[in-house]
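K.L.:
pasting the structure only:
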């Protein structure tokens with residue numbers, strides 16, 4: 001059975017306090033909205049924004065604050081991300097929460113449009129959507145777990161990872177397209193399904209090292225990533241036009257509240273996938289798990305359960 005949808009406001013969200021939060025792709029859109037909310041003075045948080053731009057967001061309450069750090073970072077570069085995470089942890093002592101948010105939309109039509117290169121051969125596809133929306137997510141996950149995990153080696157007693165982690169939370173941005181897909185965005189949909197796959201594959205092991213892993217799956221949200229606007233049409237006017245056609249639209253602020261709320265839930269958020277449409281929120285993963293027999297059938301579900309604890313892969317921890 002599906003969970004009940006709910007709403008959040010600044011007074012009902014449960015954000016972390018006096019903590020250090022790192023946000024990838026945080027110079028605009030959902031990332032910036034999250035940074036601004038979590039940086040609210042009474043929360044006392046340190047906020048670190050990574051983004052590919054060479055300048056921080058032009059927001060005075062952030063750039064003028066000792067609790068804010070900006071680092072230029074190319075998430076498709078391991079070295080760039082590794083350095084940025086390390087600088088953030090050094091600046092504030094450790095990291096407590098990581099919001100893996102950096103992403104792009106579909107980069108043109110890559111499957112059915114046949115372009116030729118200079119030699120007249122079929123041109124190689126543009127894979128930036130895959131590189132940014134799923135490959136770099138794996139790098140961000142690796143770095144986040146390195147800095148957050150709080151477990152120790154049973155043989156040596158030495159802390160694993162950075163050795164400074166006290167546990168914490170990671171929230172990744174998937175999308176409605178990561179659950180239902182979008183016919184017009186196959187690379188984006190595949191990448192976002194991959195983000196949900198990371199959640200399902202890692203949630204159990206993340207719990208063992210004191211880290212809650214969850215995803216948000218926003219539907220259409222008013223940010224600069226939106227494609228298809230008419231020339232000269234503002235984002236707000238485009239949103240009103242879509243709403244008049246029945247399209248559910250989110251504000252970036254609602255998504256930011258959802259991320260912050262999941263951070264505040266701690267381990268209770270582990271394994272959760274939260275769909276956001278028309279500024280309403282609903283947890284999906286629990287309902288999907290409960291409905292397995294409906295879509296797998298009784299026989300296949302029982303076969304799966306018999307073999308799921310077999311040692312098919314080497315122990316990671």
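P.N.:
Happy to help now that I have it. Remember, predicted model here, so these are calculated numbers, not experimental data.

K.L.:
the longest strand in this structure is where?
P.N.:
For the chain, the strand that runs over the most residues, judged by DSSP state E, is strand 211-218.

K.L.:
list the helices and strands it packs on?
P.N.:
helix 136-148, strand 168-173, helix 186-208, helix 252-265, strand 273-277 (3 or more Cβ pairs under 8 Å, 6 or more residues apart in numbering; DSSP states H and E). The way it works is simple: take the backbone N, C-alpha and C, and place the C-beta from them, glycine included.

K.L.:
for the helix or strand following it, the averaged confidence score.
P.N.:
Per DSSP states H and E, the first helix or strand lying C-terminal to strand 211-218 is helix 235-244. Mean pLDDT, helix 235-244: 75.

K.L.:
ok, the longest strand of the chain: who's next to it in the sheet?
P.N.:
strand 168-173 (parallel), strand 273-277 (parallel) (DSSP bridges).

K.L.:
in stretch 37-48, what counts as buried?
P.N.:
Under the neighbour-count criterion of 16 or more other Cβ atoms under 10 Å, stretch 37-48 has 37, 38, 39, 43, 45, 46, 47, 48 buried.

K.L.:
who's in contact with residue 70?
P.N.:
Counting by Cβ atoms under 8 Å, 6 or more residues apart in numbering, residue 70 touches 48, 49, 50, 51, 56, 57, 62, 63.

K.L.:
among the residues you listed, name the buried ones.
P.N.:
Neighbour-count burial (16+ other Cβ under 10 Å) is assigned, among the contacts of residue 70, to 48, 49, 50, 51, 56, 57, 62.

K.L.:
how near is the fifth one to residue 45?
P.N.:
For residue 56, the distance to residue 45 (Cβ to Cβ, to the nearest Å) stands at 17 Å.

K.L.:
follow-up on the earlier one: ranking the helices and strands packed on strand 211-218 by burial, who's on top?
P.N.:
Sort the helices and strands packed on strand 211-218 by mean neighbour count, taking mean count of other Cβ atoms under 10 Å, and strand 168-173 sits at the top with a mean of 27.

K.L.:
one step back: tell me which of the buried residues of stretch 37-48 fall in strands.
P.N.:
Using DSSP E, the members of the buried residues of stretch 37-48 that fall within strands are 46, 47, 48.

K.L.:
what pLDDT does the last one get?
P.N.:
Put plainly, it is residue 48. 98.

K.L.:
partner residues bridging it?
P.N.:
For residue 48, the beta-bridge partners are residue 22, residue 69 (DSSP bridges).

K.L.:
that one contacts residue 67, doesn't it?
P.N.:
No: using Cβ atoms under 8 Å, residue 48 makes no contact with residue 67, being 9.7 Å away.

K.L.:
possible to save the buried residues of stretch 37-48 as TSV with distance to residue 270?
P.N.:
Formatted as TSV, those follow (distance: Cβ to Cβ, whole Å):
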residue	distance to residue 270
37	22
38	20
39	25
43	22
45	21
46	23
47	23
48	23
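
K.L.:
which one of those residues is nearest residue 114?
P.N.:
Using Cβ to Cβ, residue 48 comes nearest to residue 114 of those, at 43.1 Å.

K.L.:
enumerate every residue touching the closest one.
P.N.:
20, 21, 22, 23, 68, 69, 70, 71, 88, 91, 92, 95.

K.L.:
farthest pair in those residues?
P.N.:
70 and 95 (15.4 Å).

K.L.:
now do residue 299 against residue 305, distance only.
P.N.:
Here the criterion is Cβ to Cβ. By it, residue 299 lies 11 Å from residue 305.

K.L.:
could you list the low-confidence segments of the stretch 151-300 of the chain?
P.N.:
225-228, 233 (pLDDT under 70).

K.L.:
redo that, cut-off 80
P.N.:
Within the stretch 151-300 of the chain, the stretches falling below the threshold (pLDDT under 80) are 222-244, 246-247.

K.L.:
so residue 89 is in which element?
P.N.:
helix 78-92.

K.L.:
for that helix, packing partners?
P.N.:
Applying 3+ Cβ pairs under 8 Å, 6+ apart, we find helix 78-92 packed against strand 20-24, strand 46-51, strand 68-72, helix 136-148.

K.L.:
residue 99: which of those is closest?
P.N.:
So among the helices and strands packed on helix 78-92, strand 20-24 is nearest, using Cβ to Cβ, at 4.5 Å.

K.L.:
and the contacts of the closest one?
P.N.:
Strand 20-24 is contacted from outside by 31, 34-35, 38, 45-51, 73, 75, 81, 85, 88, 92-102, 140, 144, 263, using Cβ under 8 Å, 6+ apart.
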